[in-house]
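Visitor: Model the following, please.
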Amino acid sequence: PEKPPETASNGLAVERTFLDRRGGRLDPERIRQGDLVVVRLTLQTKQENVKNVILADLLPAGLEIENPRLATSASLGWLSGNSLRPTYLDIRDDRLIVFADFGPAGTYHFYYAARAVSRGTFVLPPLRAECMYEPEVYGVSSGGKVTISELK
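Guide: Numbers count the residues shown, from 1 in each chain. Okay, here's the model as predicted:
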């Protein structure tokens, strides 16, 4: 596509926010190589008991997920504030996929850390959530771009 899709919502709304290691908002077009980027995924359900939701976050090419299972991963105590409790988490080279069920309608957050590894300007794919067995229940955020500059 020549431009990112428009934000869309039918029962679910999603948003991605980049934060620094202290929790302050980070401009995705002003990241430095080597920076730790905390990604906050926000999902809002408009109905109760939404089951089998897939939240897929494709990363821009310049970022790599910090695997929380490795001893060398950055440790940020405040990241334990996740209100979204995944039933399964799939960490891949180019994406994070979260599987979850939701009880009450409301707003949920999931945090993970990524490292800015490559300099350049990269496409930021949209964040997408949908119910596996009810594809008409979905949410899509708009995409954008990420710029990673040289470490100074």
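
Visitor: L12 belongs to a strand, doesn't it?
Guide: Yes - counting by DSSP: H, G, I helix; E, B strand; the rest coil, L12 is found in a strand.

Visitor: Show me what it is bridged to.
Guide: L12 has the following beta-bridge partners by DSSP bridges: T45.

Visitor: With T121 instead?
Guide: With DSSP bridges as the rule, T121 is bridged to T147.

Visitor: any low-confidence regions in the protein?
Guide: When residues are selected by pLDDT under 70, those of the chain lie in 1, 68-82, 152.

Visitor: could you show me where the strands are in it, in order?
Guide: Here the chain has its strands, by DSSP state E, at 8-10, 12-19, 31-32, 36-45, 50-58, 63-65, 88-91, 95-102, 106-116, 120-124, 127-131, 134-140, 144-149.

Visitor: Which other helices and strands does the shortest one contact?
Guide: Strand 31-32 is packed against strand 144-149, with contacts defined by 3 or more C-beta pairs under 8 Å, 6 or more residues apart in numbering; DSSP states H and E. C-beta: built from backbone N, CA, C; applies to glycine.

Visitor: And the contacts of the strand it packs on?
Guide: 4, 28-33, 35, 60, 62-63, 116, 118-124 (C-beta atoms under 8 Å, 6 or more residues apart in numbering).
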